[in-house]
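**Student:** Build me a model:
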Amino acid sequence: MDRLRRRELLVRGGALAAVAAGAGGLAAATRDEPRRPPAPPPARRRLRKLIDIGPGGVIDPGSAQDLRAAGNLGYYADTNTGWIRMWADWPSLQPDPGFSLGDPDSPGAGRLRALDEQIALARANGIRVILMPYRFPPWANGTAELAARVDSPEEIAFRREERMSEREWSRYVHAGRDARRHSPRRRTLEYLLPDDPYGPVSAWAGFFAFLYDRYDGQVDAFELVNEPNLQLWPQPGIERPIARLLQTAQEISARRGHSTLMLAPSISDDDARSNRLYTRYDEFLPALLDELAAIGYRPHPRQAWSHHNYTDVERRRTRTGTQLIRGLLAGRWTGYAEPGAPTVFVTEGGARLSRMPALYPEEDPRRAQAKCVRDAWALHAAEDGAGTGVAMLAQYLLYADPTFDCGLLDPYPSRVKRPAYAAWKAFPPYG
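**Tutor:** Presented below is the predicted three-dimensional model:
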């Protein structure tokens with residue numbers, strides 16, 4: 001409201017100044033020229049409000065990340081959140097390649113029904129859905145035998161240089177290579193790229209085509225991948241398969257006239273230096289654009305850019321990485337655009353409670369988390385500055401995950417709302 005009042009005052013002030021400077025000349029010009037209709041007001045940017053409910057609603061139906069459970073639907077209504085991001089976990093939906101997707105006899109049929117029901121429930125309650133195809137089944141990337149022996153010495157040692165840090169490997173070795181004493185943090189087998197991860201005749205292409213055909217008209221957007229510069233492996237050269245991913249997805253989308261918005265590449269914004277396990281976002285993006293140019297890819301108007309902004313939120317940055325992303329896209333990305341293009345959808349974000357003591361030692365951690373959320377929304381709701389070209393702001397999780405603790409509520413089964421819940425609720429949805 002204050003921004004609108006300031007704009008009205010500026011417009012009125014300008015008009016009064018013009019009248020005072022030359023009312024006679026203006027009147028003469030009006031008599032001599034035909035009256036022109038007033039210019040239409042500039043279109044207002046829409047800042048969509050999304051909560052990512054997490055992958056558990058498909059991986060573990062009935063869990064706290066299931067829209068049908070734990071009071072989740074009520075929290076969306078209570079916080080005025082009009083968008084939800086759901087995860088179509090491929091290993092859960094098609095665990096056995098002997099059964100086609102959608103086969104009622106498939107061991108993944110129950111999870112597919114759970115996804116169907118959650119999408120239908122969201123739609124019935126006016127919540128718009130982003131659906132993301134997630135991970136690779138071990139049968140698709142050749143790791144099925146190892147997947148049956150998770151935490152075995154053979155599984156842990158498999159291509160370890162591409163999956164874990166030297167520190168994690170050393171701790172495992174010092175523990176006698178006994179996973180019960182130390183199971184090293186590592187990329188799981190489901191993130192390994194197959195030999196042909198995203199080509200037009202790949203297994204992934206069939207999976208995405210299934211999702212598009214099944215949910216076209218029921219979901220409002222597909223997000224094609226999650227944090228490829230962090231999760232997928234091997235990481236060096238990751239921009240090349242992701243370029244192919246966008247090309248293949250666009251070909252599938254074209255069969256239905258690009259009827260549903262698509263989002264990509266959903267980049268992690270961690271500001272650590274690039275290494276063999278991670279590609280820094282501001283290095284990944286130009287490399288991806290180069291690869292897209294090399295294969296002649298042109299994004300259609302229903303293909304939008306997506307990004308994650310945890311670092312901006314947690315560090316309360318006013319000069320954001322999201323705006324750095326927009327600068328790198330300028331002149332090189334011509335997909336979906338709103339006023340203030342290039343347009344970026346932030347589809348994940350939040351502030352981890354566990355990070356607050358280190359970042360803000362003089363603040364109460366829960367209030368510090370709430371301030372991060374509150375400041376981020378106020379910053380991005382602005383029509384200029386950090387808000388320019390940002391079409392969506394997201395919060396990762398309602399119930400906190402103890403391993404990535406940025407939820408608005410304490411971990412389930414607690415129903416305790418953190419101060420961040422009220423901070424998120426305070427802002428209205430714009431679209």
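
**Student:** Closest to the centroid, which residue in the chain?
**Tutor:** Nearest to the centroid of the C-alpha atoms of the chain, with distances taken as CA atoms, centre = their mean, sits Thr347, at 2.7 Å.

**Student:** show me what contacts that residue?
**Tutor:** If you count contacts by CB atoms under 8 Å, 6 or more residues apart in numbering, Thr347 has them with Leu50, Asp52, Arg85, Ile130, Glu223, Leu263, Ser266, Ser306, His307, His308, Met392, Ala394. (C-beta placed from N, C-alpha, C; glycine too.)

**Student:** Quick one: the helices in the stretch 101-250 of the chain, in order.
**Tutor:** Taking DSSP state H, counting those that start in this stretch as the criterion, the stretch 101-250 of the chain contains helices spanning 109-124, 138-141, 144-147, 153-157, 166-174, 203-215, 239-254.

**Student:** The last one versus helix 203-215: what angle between them?
**Tutor:** Direction vectors for helix 239-254 and helix 203-215, defined by axes from the mean of the first three to the mean of the last three CA atoms, to 10 degrees, enclose an angle of 30 degrees.

**Student:** Kindly report the same for the fifth one.
**Tutor:** Relative orientation of helix 166-174 with respect to helix 203-215: 110 degrees, computed using the same axes, to 10 degrees.

**Student:** How about residues contacting helix 166-174?
**Tutor:** Residues outside helix 166-174 that contact it (CB under 8 Å, 6+ apart) are Ile156, Arg160, Ala179, His182, Ser183, Pro184, Arg185, Arg186.

**Student:** swap in stretch 102-120?
**Tutor:** Taking CB under 8 Å, 6+ apart as the rule, stretch 102-120 contacts 57-59, 61-62, 66-68, 86, 88-89, 92-96, 99-101, 129, 131, 210, 214-215, 218-219.

**Student:** just stretch 401-411 next, same as before
**Tutor:** When contacts are taken as CB under 8 Å, 6+ apart, the neighbours of stretch 401-411 outside the stretch itself are 51, 54, 64, 75, 79, 310, 350-354, 369, 395-400, 415-418, 420-421, 424.

**Student:** what's the straight distance from one end of stretch 349-361 to the other?
**Tutor:** From its first residue to its last, stretch 349-361 covers 22 Å (CA to CA, to the nearest Å).

**Student:** Buried ones in it, by neighbour count?
**Tutor:** Gly349, Gly350, Ala351, Arg352, Leu353, Arg355, Met356, Leu359, Tyr360 (16 or more other CB atoms under 10 Å).

**Student:** hmm, which two among these are most spread apart?
**Tutor:** With distance counted by CB to CB, no two of the buried residues of stretch 349-361 lie farther apart than Gly349 and Tyr360, which are 17.6 Å apart.

**Student:** Alpha carbons only: can I get stretch 134-146 in PDB?
**Tutor:** Only the C-alpha atoms of stretch 134-146 are listed here, as PDB (Å, rounded to 0.1, in the frame of the first residue of the first chain):
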ATOM      1  CA  TYR A 134      13.100 -37.000  -9.000                       C
ATOM      2  CA  ARG A 135      16.100 -39.400  -8.900                       C
ATOM      3  CA  PHE A 136      16.800 -42.600 -10.900                       C
ATOM      4  CA  PRO A 137      15.800 -46.100 -10.000                       C
ATOM      5  CA  PRO A 138      18.900 -48.300  -9.500                       C
ATOM      6  CA  TRP A 139      17.700 -50.500 -12.400                       C
ATOM      7  CA  ALA A 140      18.000 -47.500 -14.700                       C
ATOM      8  CA  ASN A 141      21.600 -46.700 -13.900                       C
ATOM      9  CA  GLY A 142      23.000 -50.100 -13.400                       C
ATOM     10  CA  THR A 143      23.300 -50.100  -9.600                       C
ATOM     11  CA  ALA A 144      20.600 -52.500  -8.600                       C
ATOM     12  CA  GLU A 145      22.900 -55.100  -7.100                       C
ATOM     13  CA  LEU A 146      24.700 -52.500  -5.000                       C
END
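
**Student:** which residues are in contact with it?
**Tutor:** 55, 87-91, 94-97, 147, 152, 154-155, 158, 189-195, 197, 203-204, 226.

**Student:** Just the buried residues of the contacts of stretch 401-411.
**Tutor:** Neighbour-count burial within the contacts of stretch 401-411 applies to 51, 54, 64, 75, 79, 310, 350-353, 369, 395-400, 417-418, 420-421, 424; the criterion is 16+ other CB under 10 Å.

**Student:** Which members of those residues occur in strands, if any?
**Tutor:** Here DSSP state E is the test, and the buried ones among the contacts of stretch 401-411 give Ile51, Gln395, Tyr396 as lying in strands.

**Student:** Any stretches of the stretch 301-431 of the chain with poor pLDDT?
**Tutor:** 430-431 (pLDDT under 70).

**Student:** With the stretch 101-250 of the chain instead?
**Tutor:** Counting by pLDDT under 70, the stretch 101-250 of the chain contains no low-confidence range.

**Student:** Arg374 is in what secondary structure piece?
**Tutor:** helix 365-381 (DSSP states H and E).

**Student:** now that helix: how far from the chain's centre is it?
**Tutor:** What separates the centre of helix 365-381 from the centre of its chain is 18 Å, taken as CA atoms, centre = their mean, to the nearest Å.

**Student:** And stretch 328-339, by the same measure?
**Tutor:** Here the centre of stretch 328-339 is set off from its chain's centre by 17 Å, with CA atoms, centre = their mean.

**Student:** and it, how far apart are its ends?
**Tutor:** One end of stretch 328-339 sits 17 Å from the other (CA to CA).

**Student:** Contacts for it next, please.
**Tutor:** Where contact means CB under 8 Å, 6+ apart, the residues beyond stretch 328-339 that reach it are 42-46, 261, 282, 285-286, 289, 293, 298-305, 342-344, 389, 391.
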